[in-house]
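Novice: 3D, please:
(chains A and B)
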Amino acid sequence: MSREKRIMKEMQAIKEDPEANIGLQFVNEGDIHLMKGSFLGPPGTPYEGGKFMVNIEVPMEYPFKPPLMKFDTKVYHPNISSVTGAICLDILKNAWSPVITLKSALISLQALLQSPEPNDPQDAEVAQHFIKDKESFNKTAALWTKTYACAHLQGEPADVDEASLYGIDNALIEQFMALGFTRSKIIEVVRRLGIKTMSPGDNETVNKILEQLVR
Amino acid sequence: MSPRPEYVSDSDSGLDVFSECHSFEEPSSTNIEILSDDSEFDFSSGDYSEEEDARIENATSELESGSLLKGSKSGKLEPLGPPKLNYGCLTTDQIYQIMLSRLKALEPVLNRTPEDIIVLLQKFGWNEERLLECWTDDDNGVLISCGLKPKDDIKCERGIKEVRDFVCPICCESGQTEAFSLECGHEYCLDCHRHYIQDKLGEGKIITCMSCPLALRNHDIDVLTGTNSSQKLMLSSMKSFIQKHSSHYKWCPFVDCNYVIQIGNISCLSEFPRFHASPYVICDNMHKFCFRCSLESHDPGDCKVADQWVKTAQVESANLNWVLKNTKECPKCGVNIEKNGGCNHMTCKSCLFEFCWICERQWADHGGSYFECTRFKKEDKNDPQESKSTLRKYTFYYRLFSEHENSAKLDWKLGQTVEQKVRALQETTGLSWIETQFLPESIRVLIEGRTTLKWSFPVAFYSDASHNLTKIFVDNQLLLVTAVEDLSQLLQIKEPRKIVEKKLEFFNKSQFVKSRERALIECGRDLLCKGICCPQK
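Specialist: From the prediction side, this is the model:
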């Protein structure tokens, strides 16, 4: 009933405010059920320069039920699943209120990129990386932004090495490749253990990785 | 009788106590006769010297703990148990009244309207102490955090107001003439408010303005969504009330039962563990459960045994469960058989072999008076791996436990259908309601008997198998099994006319199950009191 009117009005409001750099389109014209939203990565973060696409599903009960939002662009962020793009954000769940609009929800996502909440993670591997080594995390997140979120600038996405995609030190992988293990196997194990780099002579870590590799 | 001298020499002093207890009922009987009466053994076959011995020991051990015994009017022996529990079964409406009365008590202290106090209590999860604590610290802060006082100046009055050229920001519909807002001035149309409130009523939390933390009072909710809708909110808020006051109140744990049990004398709850007894309560739907652990009746085990058993079961039995729930093969011809009735006396449809579902041996082997399949045989005496044998022992008892659990469920289903049939008979032949009540009663006894039997296996599992009392306990188990199976078989009769004919048999068998059940519970408690059954092994 009122859902159409409200969504049309929200679209209008976004068009009237180009400064905010928020995009919102229907996936199929005339179907208000599925939409695609976009926003720019907040400046001063590893997400800067990227354009992030979000799949939006508007439920029948909208605006009394929250819209279902999921990142279409791959994002390296503690509160966003690096695999599925699922988002852990309270206003999209129990803290939803009918006064929140799709625009304000997208702005909240932008704010989430700015201030991650690693203690309430959606992606444990990423969150661990964030807590353990912030600098390395920032590098990886920036690489993901460059690889996945800058397609609108370059056209074709560049081919990126899997190891650097997960912020894993290349020297570490080469050390184990010298022992005869395959690159993909090493990356899989090291990711599972949450190890990104290794100081020379750290036999304990070496043994831990070897133990998993030979299993 | 040969064991008699032994018995006398064993407990000379106890004899007096024993005969005293019975003297007003059967003053002329000899001791041995009383014994037989009391334990209601039915030994038709000649070979019973072993059991007789065990029974004598049973009696003597009861006598040794003579201080625990007292004579009741019926002449039965009852241990001096924990104090009687005073409790009531309340409906949700009654709980609501109690909540209101607690609220009234706070009124003079907080000096706010009852509606505000409801909001405060909801915010504090019905924890009155914490509310009062915070209130004395900073009453203004509490009011603001609960949304009872706007932070900024009051912009307008709360309530429904007439508006012109109003476009609701939620639904974007124009041309409406009425809107609602609180003091904050966030106006939305009535339809949107209703929709919003309806969604929130089930959450049991404060409903705030859609834009700010200002709280809607029950009155506002009723004004918007119609009278009594705030009661729905109260119902969901009741859950947190009961949770907060769980020492006094407990929901009946049975599925779809909405009764709440309130304990009057909670101080006596602490008395129960000392006697290895559990505070059982029965709700108005006849659901019996333990107030302490919210499990079904788990006699003869105490809460500790039940708790330990349930915990072990959770860890060990995930796989086991799957295996046990599947069919069994006929021991003779190997046809797969699914058990769809409560009785454990199975007849293979294919080869007509009659066998016991539990031990998978020929039914006739069990005989009339001797039923052996609840006794765990130590076949793996030479097994070097202790843990493996413990697991096997556990598996054995768990299997029995779940067999009886399943049987009780099936009995219940069976009871439902038989009851319907009797109802039909009642209509056709004009039997009165009261005349047919023996049937639901015997089903109730059967299920209770099975429940006791079921929970006796954990007790047996945790007991020292070499002790004589444990052997007596197992014998008691066997007797209850026989009694329960007999009654269960009687309930298999599908013909309503036959059921009515066998009314007396129903009555007798039920009574027998009851008395066997009592004996088993007593014996189990004895095991616990003497420390023979010890779950922390």
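Novice: give the contact list for the one residue in chain A that gets nearest to chain B.
Specialist: Closest residue of chain A to chain B, CB to the nearest CB: residue A:2 (3.3 Å). To be clear about C-beta, it is placed using only N, CA and C from the backbone, and glycine gets the same treatment. Going by CB atoms under 8 Å, 6 or more residues apart in numbering or on different chains, residue A:2 touches B:170-173, B:192.
Novice: and these, which two are furthest apart?
Specialist: Across those, no pair lies farther apart than B:172 and B:192, at 10.0 Å, counting by CB to CB.
Novice: more neighbours, those two?
Specialist: Comparing residue B:172 with residue B:192 by other CB atoms under 10 Å in any protein chain shown, the one with more neighbours is residue B:192, at 24 against 20.
Novice: now that one: closest residue in space, sequence neighbours ignored.
Specialist: Counting by CB to CB, 6 or more residues apart in numbering or on different chains, the nearest residue to residue B:192 once its immediate chain neighbours are dropped is residue B:170, at 4.1 Å.
Novice: if you tally nearby residues, what's the number for that neighbour?
Specialist: When counting by other CB under 10 Å, one arrives at 22 neighbours for residue B:170.
Novice: next one: residue A:188
Specialist: For residue A:188, the count of nearby residues is 14 (other CB under 10 Å).
Novice: list the buried residues in the helix or strand containing it.
Specialist: Here residue A:188 sits within helix A:183-193, counting by DSSP states H and E. Within helix A:183-193, the residues scored as buried using 16 or more other CB atoms under 10 Å in any protein chain shown are A:186-187, A:189-191.
Novice: in CSV, list the residues you listed along with pLDDT.
Specialist: Compiled in CSV, those are given as follows (pLDDT from 0 to 100):
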residue, pLDDT
A:186, 85
A:187, 83
A:189, 84
A:190, 81
A:191, 80
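Novice: as a markdown table, these with distance to residue A:62 would be great.
Specialist: Formatted as a markdown table, those follow (distance: CB to CB, whole Å):
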| residue | distance to residue A:62 |
| --- | --- |
| A:186 | 46 |
| A:187 | 41 |
| A:189 | 44 |
| A:190 | 43 |
| A:191 | 38 |
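Novice: report pLDDT for the most centrally placed residue in chain A.
Specialist: Nearest residue to the geometric centre of chain A (CA atoms, centre = their mean): residue A:75, 2.2 Å. What the model reports as pLDDT for residue A:75 is 91.
Novice: got phi/psi on it?
Specialist: Dihedral angles of residue A:75 (phi, psi; degrees, to the nearest 10) stand at phi -130, psi 140.
Novice: what sits against it?
Specialist: Applying CB under 8 Å, 6+ apart to residue A:75 gives the contacts A:47, A:52, A:82, A:85, A:113, A:141, A:144-145, A:148-149.
Novice: again with residue B:258
Specialist: Residue B:258 sits next to B:91-92, B:251-252 when contact means CB under 8 Å, 6+ apart.
Novice: buried set for stretch B:90-110?
Specialist: Result for stretch B:90-110 [16+ other CB under 10 Å]: buried residues B:90, B:92, B:95-96, B:98-99, B:103, B:106, B:110.
Novice: now, those residues that are in helices?
Specialist: Among the buried residues of stretch B:90-110, the members found in helices (DSSP state H) are B:92, B:95-96, B:98-99, B:103, B:106, B:110.
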